Structures are given as C-alpha cells and as structure tokens.
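In: next one to model:
(chains A, B, C and D)
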Number of protein chains: 2
Amino acid sequence: MSNEEKNREDLPRRRSGGKDPSGAEARPRNWLVPVILLSLRDWNSYGYELMERSTRFGFDAMNPGTLYRTLRQMEKDGIVESSWETSRGGPARRMYSITDAGKAYLDFWAKSLEQYQRTMDTFFRMYTGQPLSDDDEKDSGEENSR
Amino acid sequence: MSNEEKNREDLPRRRSGGKDPSGAEARPRNWLVPVILLSLRDWNSYGYELMERSTRFGFDAMNPGTLYRTLRQMEKDGIVESSWETSRGGPARRMYSITDAGKAYLDFWAKSLEQYQRTMDTFFRMYTGQPLSDDDEKDSGEENSR
DNA sequence: GTATATATATGTAAACTACACATAGATATG
DNA sequence: CATATCTATGTGTAGTTTACATATATATAC
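Out: The predicted model follows:
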C-alpha cells in the first residue's frame, strides 16, 4: 500500500491513536454504547469488567478513559443507572444497570444496524463487480444480509 | 472553552446534523472515500455527479462541502487524480479518476469491512439472545460473514 | 437582465477519539 | 511499616472529523 506522500500535509492520516496507517479501516462507530447496553442487559456490571468484555467487539485495547467517560454520559442520558458497591474488598465499584430507556435505545440501534448491513451488502456487490442497476439499489441485499 | 460542560450536558448525544434525536444510529463512518473510489473505478466522474450516486450508500442528503473537501484531500493523498473539463456547456467540472494507490486503498478497505461484518454478526447473535461462550468470540462469524 | 440550475469551494462550531495523566483503596512483599 | 502492585475510576486535552452555512462562478431559461 503506497501511503508515502500521503494526506493532511505529507503523511498518512494518522489519527492520534490510529493503528491503521492507511486510514482504510472500518471501525465501530458509536458502538461503545450499544455494546455496553448489551452487556448490561444480561448482567449488571461495572467499568473495569465491561472493559474486558468489550474486547470481543473490536475494542481491543480499550482506553479506560473512553469507557468511564461514556458510562457517565450514558447515565446522564438515562439509559443506565449506577450505584456504588463497597461491600467487598478492593476499591469501590460503580455498578451499572440498564434502564427501560436503555433497552429501547438498544432496540432502536439494532434496527438501525440492519439498515447498515444492507449498505454493506450494496458496497460488496459493487466491489465484487456486479453492476448496480438503477432500480435495485433501494432494496438490495435482503437475501444475504445475514 | 472546555467542552466538558458544553457538549455533554443532559440530553442524549445529539450530533450537529443528526436526524436521529436518540443518537442510536449506525451510520457510515469513513465510508465516503471508499464509495467515491468505487464509483471512480467504473467511470471517471466529478463532484456534482458523485454526490448523486453516493445517495445509494446512505449518504442521503450529502452536503456538497463535505464531498468537495474530501475529493481535494483524496487528491493530495494520491488516491485520485483530477483535471478541469471545460469542453462543454455549463460550469467547468473537475474530472476525477482513480489511481493505482486508490485501487489498493479500496482493496484494503474491503478487507477491513469483512472484519467489521464479523463484529456485526457477534452483536446480532448476542442481541438475539444466543449467549456468547468464552471460547467462540474470537473466530465467530467466519461461516456466515459472506 | 435576472432567475435558476449546475458546479466547486471555504469558514467555522460542534463533536468525536484516544492518549496521557491523575486519584485512590486494598493487598502483597520485604 | 514502607512501598510496590493490582484494581478501579476519573479528567485534561490535542488532533481530527463532521456538517451546516455561506461564497463564488458559468451557462441556460424566461
């Protein structure tokens, strides 16, 4: 991949923490919130534990700051609730649980993701060479979206 | 201007132009560049036309500024080339064509997208209730990614 | 001649991302 | 007991992205 004399001024678009020098990368966007909600739907949990669980969604080297900040914001938004848990050894944990609003958010997200999948199908069909006729781009992808 | 108090106050994260008040939306991220490259791989084109074509990828009400700025940046990055076309009626068009580097970028992107699809599969499997055992989250999704 | 469609481009506020850094309790080790 | 380490939560901030508003210019329609 020739990313020699690349982008902004002269270098490949390196984001602050970008692992991918080319910038060609499809990474989760706005995924952290849904993933947290999904985890909390099953079991109540806390930041430190959620951080480990989220790795299975591509948040490999999750930065703690990002997670904790997101959790606090989620609580302000009313999609999770929290309370301190001090009845054990070790530092206090802020235990989170999902709210009804959080569950609704999750459902909305899942629906949105289906639309996204259709977009991906459209992309791949075009990428693999099948021309996109003018009357099938609207509902393409249903047959193999999953 | 500390954005600590500003942007995250009391409402679900509303983006500036977000049509979705809840913020629960899976929208293309970094998709504009690949979609442009994909279009240019088939036919050379120019901004105004690309803007219309990109609608089929979920860039419904594409903002012209975003597209033109992206195109200029792509040229700096070496993944497209351009030249003015004045031999016709109407305002001059800046005609773009894809470069070899652009094709390589596209291939890299497509590969990255496959990984993304696996992440989506993981999400949906968890969302629909199938528990994720501790030893299948690493290579899940290969069998039905496409 | 002026209103409209075509076509490209810039200015700027807001928001996102991710690293670096800070804080603090509990436990292990010498 | 001093201090190192693990667990756990949080803040500061630079760099980048996003998207709207706005500006410019050419050709055609009326």
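
In: give me the low-pLDDT residue ranges for chain A?
Out: A:1-29, A:56-61, A:130-146 (pLDDT under 70).

In: change it to 90
Out: A:1-35, A:38, A:50-66, A:76-77, A:86-90, A:105-146 (pLDDT under 90).

In: which single residue of it ends up nearest DNA strand D?
Out: Proximity of chain A to DNA strand D (Cβ to the nearest atom of the strand) peaks at residue A:65, 2.2 Å away. Glycine gets a C-beta too; all of them are placed from N, C-alpha and C.

In: all helices for chain A, in order.
Out: Across chain A, reading from the start of the chain, the helices by DSSP state H fall at A:32-42, A:47-53, A:64-77, A:100-127.

In: enumerate the positions of stretch A:72-90 that are buried.
Out: Applying a neighbour-count criterion of 16 or more other Cβ atoms under 10 Å in any protein chain shown, one finds A:73-75, A:77, A:79-82 buried in stretch A:72-90.

In: return only those of those residues found close to DNA strand C.
Out: Intersecting the buried residues of stretch A:72-90 with the contacts of DNA strand C gives an empty set (criterion: Cβ under 7 Å from any atom of the strand).

In: dump these into TSV; add distance to residue A:52 as well.
Out: Rendered in TSV, the data for the buried residues of stretch A:72-90 read as follows (distance: Cβ to Cβ, whole Å):
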residue	distance to residue A:52
A:73	21
A:74	18
A:75	20
A:77	24
A:79	21
A:80	18
A:81	21
A:82	18
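
In: quick revisit: OK, contacts around the residue of chain A closest to DNA strand D?
Out: When contacts are counted by Cβ atoms under 8 Å, 6 or more residues apart in numbering or on different chains, residue A:65 touches no other residue.

In: any idea how far residue B:85 is from it?
Out: Residue A:65 is 49 Å from residue B:85, where distance means Cβ to Cβ, to the nearest Å.
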